[in-house]
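structure of the sequence below:
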Amino acid sequence: MRRVGKSLEERCRDLLTATWNHSRAATPATLLERELALTLDHIEGLRHQNQHSRFSLDHLRCDIESRMLNLQPLPRHYVGYRWAQQQQMINQLTNARVRLEESQRRLLVEYGNRMRELHDRLLELLNMREQVREDDGDSADRP
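Residues are numbered from 1 along each chain as shown. Coordinates of the predicted model:
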C-alpha cells in the first residue's frame, strides 16, 4: 500500500507541476487541482506530525529503558525498604513501557487509517479531474 500511495502522490505532484502554468481561472478542473494540492499538503503535514510523534515516543522509550537499566539489582539477602522501593520503581517503569508500546501501536494504526483516507481522496479527486477534462474536451492538452 505504501508504494501505491507514494506513486499516487508523485502522479498528482507531476500533474500539478505540469498544469501550474495554465490559466488559473476558476474552472472545475482548476478547482479540483487546488483540492489536489491541498490534499497533498495535508498528507505532508500528517507525515511530519507522525514523524515528530514517533521521535518523541522513541525518546521516551529510551528514557524509560535507560532508567530500568540503571536500577541496580540488590542482593537477595537485602530486604530493606530500598528493595521494596526499587521493585515499585521497576513495576512503574514496566507499566509505563507497556502503555508507551500501546500508544505507539495506536498511533501507527491511526496514521495508516488517515493516510488511506487521504490517498482515497487523492484518487477520487484525480479521477474527477480527468472526467472534467474529458467533458470539457481538453483531453488533447492533458499531461
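
what's in contact with the worst-scoring helix or strand of the chain on mean pLDDT?
The helix or strand with the lowest mean pLDDT-type score in the chain, counting by mean pLDDT, DSSP states H and E, is helix 2-19 (a mean of 79). Contacts of helix 2-19 from elsewhere in the structure, counted by CB atoms under 8 Å, 6 or more residues apart in numbering, are 33, 36-37, 39-40, 43, 115, 119, 122-123, 125-126, 129, 143. To be clear about C-beta, it is placed using only N, CA and C from the backbone, and glycine gets the same treatment.

so which elements touch the lengthiest helix in the chain?
For the chain, the helix that runs over the most residues, judged by DSSP state H, is helix 81-135. Using 3 or more CB pairs under 8 Å, 6 or more residues apart in numbering; DSSP states H and E as the contact criterion, the secondary-structure elements in contact with helix 81-135 are helix 2-19, helix 28-70.

relative orientation of that helix and helix 28-70 in degrees?
170 degrees (axes from the mean of the first three to the mean of the last three CA atoms, to 10 degrees).

any idea of the mean pLDDT in helix 81-135?
Mean pLDDT, helix 81-135: 90.

so what's the gap between it and the chain middle?
The gap between the average C-alpha position of helix 81-135 and the chain average comes to 7 Å, counting by CA atoms, centre = their mean, to the nearest Å.

perfect, that will be all.
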